[in-house]
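Novice: Show me how the following folds:
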Amino acid sequence: MVLDNIEQLLEKYENGQTTLKEEAQLKDYFSQETVAPHLGHYKAIFGYYLVNQQEAFTKTLPLQTKKKINFKWLSVAAAVVLMVGIYFNKPNEDVITDQDRLAYNQAKSYLELVSKALNKGTTQVGYLDALNKAGTHVDYLKEMENPIGRILKINNQ
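Specialist: Numbers count the residues shown, from 1 in each chain. This next block holds a predicted model:
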């Protein structure tokens, strides 16, 4: 009767349907010295589980911790360095002399003359704008060369 019960529990165990109590019954049965001869190979399996439960890892592991960089103090130090750099590299305020003003005004007047001369030249080539507009009106002829591309372009819109 007990042997039939053990065989049924083994079948359930192999199908993964046993409970913890039933597995404990199997471990108790196979921990005995006398086991049915046709179930002898199960004794090694359940004996392995009992031995593994008693094993413990006793070796000490050295912990290697990394030094953490304190980013708060690093950002404060960077801000201090930046402030010191700005303070000591202040640009000197130069005094504008009369000679500098004269040179500035003279350069300004020369640039105004050049600008006026260039503006006169643009009035003479004003007809190019009309040619550009005409060119855009004729661009549809290029699309006629590729009707499939035109159809795809219409479909994509």
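
Novice: any idea which helix is longest in the protein?
Specialist: Criterion DSSP state H: the longest helix present in the chain is helix 98-124.

Novice: what mean pLDDT would you report for it?
Specialist: Helix 98-124 shows a mean pLDDT of 85.

Novice: in this protein, what secondary structure element scores lowest on mean pLDDT?
Specialist: helix 140-144 (a mean of 63; mean pLDDT, DSSP states H and E).

Novice: roughly how far out does the longest helix of the chain sit from the chain middle?
Specialist: Distance of helix 98-124 from its chain centroid, counting by C-alpha atoms, centre = their mean, to the nearest Å, is 54 Å.

Novice: Stretch 22-39 now?
Specialist: In terms of C-alpha atoms, centre = their mean, the centre of stretch 22-39 is set 55 Å apart from its chain centre.

Novice: Would you mind measuring the gap between the ends of that stretch?
Specialist: Terminal residues of stretch 22-39 lie 17 Å apart, using C-alpha to C-alpha, to the nearest Å.

Novice: got the buried residues for that stretch?
Specialist: Neighbour-count burial for stretch 22-39, counted by 16 or more other C-beta atoms under 10 Å, picks out 22, 25, 26, 29, 30, 35. In short, each C-beta sits where N, CA and C put it, glycine included.

Novice: export those residues to CSV and tack on distance to residue 45 and pLDDT?
Specialist: Output for the buried residues of stretch 22-39, formatted as CSV (distance: C-beta to C-beta, whole Å; pLDDT from 0 to 100):
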residue, distance to residue 45, pLDDT
22, 15, 86
25, 15, 84
26, 9, 81
29, 12, 81
30, 8, 79
35, 12, 79
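
Novice: Nice, that's everything, thank you.
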